[in-house]
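>>> sequence isn't available, so here's the structure alone:
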């Protein structure tokens, strides 16, 4: 079993369970009407049970077939039920650590903040040079330079653009230590910001 720490699968499900199914083509199409006809006395072991499981839980899980592999995204109870049904085909299970369960899509759980202290990662828009003026670019860089202990540019493309060594910037981000710096950054270059990722440090047994 392997643990993921960043986000929930599909922003909702804690567990991904993977199976190798030799009879996967029997499940196409995956409509309830078709699945209800699968099975019978001569069915491959587990086929009827799996078809019934999908029908019963379709609205409270996600699943997808890929070649001979099927992926189920569920809670832990359903994952165990699947393993009980078709355990002979079980490959692996991946679980999101429960302490990260309430994080939204723009929040990342971590054991240590980036570079030890930065809580936010500010992502610039694609083709940011088309969205902000040279004056706004200069103002943003001046602010970052004035707050060098609280802002950090590690991306070469962003640094070259903000320092006026390149007229273009197609992607990139920089780090900000505290939330209080986000307001002035938005005021200086709001049209150039795509999103802000927040890092949440969660203590574990080691720290």
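Right, received. Where do you want to start? This is a predicted model, so every value here is computed, not measured.
>>> quick one: least confident helix or strand in this protein?
strand 2-4 (a mean of 47; mean pLDDT, DSSP states H and E).
>>> contacts only, for the residue nearest to residue 150 when sequence neighbours are not counted.
Take residue 150 and drop its neighbours on the chain: the residue closest to it by CB to CB, 6 or more residues apart in numbering is residue 177, 4.1 Å away. All C-beta spots, glycine's among them, are computed from the backbone N, C-alpha and C. Residue 177 makes contacts with 117, 118, 119, 120, 149, 150, 151, as judged by CB atoms under 8 Å, 6 or more residues apart in numbering.
>>> counting contacts, what elements does the strand of greatest length in the chain pack onto?
The strand that spans the most residues within the chain, counting by DSSP state E, is strand 193-201. On a contact count with 3 or more CB pairs under 8 Å, 6 or more residues apart in numbering; DSSP states H and E, strand 193-201 meets strand 107-110, strand 120-124, helix 182-189.
>>> and the longest one with strand 193-201, angle?
Angle between the axes of helix 182-189 and strand 193-201 is 160 degrees (criterion: axes from the mean of the first three to the mean of the last three CA atoms, to 10 degrees).
>>> list the buried ones in helix 182-189?
Across helix 182-189, burial judged by 16 or more other CB atoms under 10 Å covers 182, 185, 188, 189.
>>> one more: stretch 66-76?
If you call a residue buried by 16+ other CB under 10 Å, then stretch 66-76 has these buried ones: 70, 71, 72, 73, 74.
>>> the nearest residue to residue 157 once chain neighbours are set aside: how many residues sit nearby?
Excluding the flanking residues, the one nearest residue 157 by CB to CB, 6+ apart is residue 172, at 4.6 Å. Counted by other CB atoms under 10 Å, the residues lying close to residue 172 total 22.
>>> how far away from the center of its chain is the longest helix seen in the chain?
When the chain is parsed with DSSP state H, its longest helix is helix 134-146. Relative to its chain's centre, helix 134-146 lies at 31 Å (CA atoms, centre = their mean, to the nearest Å).
>>> next secondary structure after that helix?
Going down the chain from helix 134-146, the next helix or strand is strand 151-152, by DSSP states H and E.
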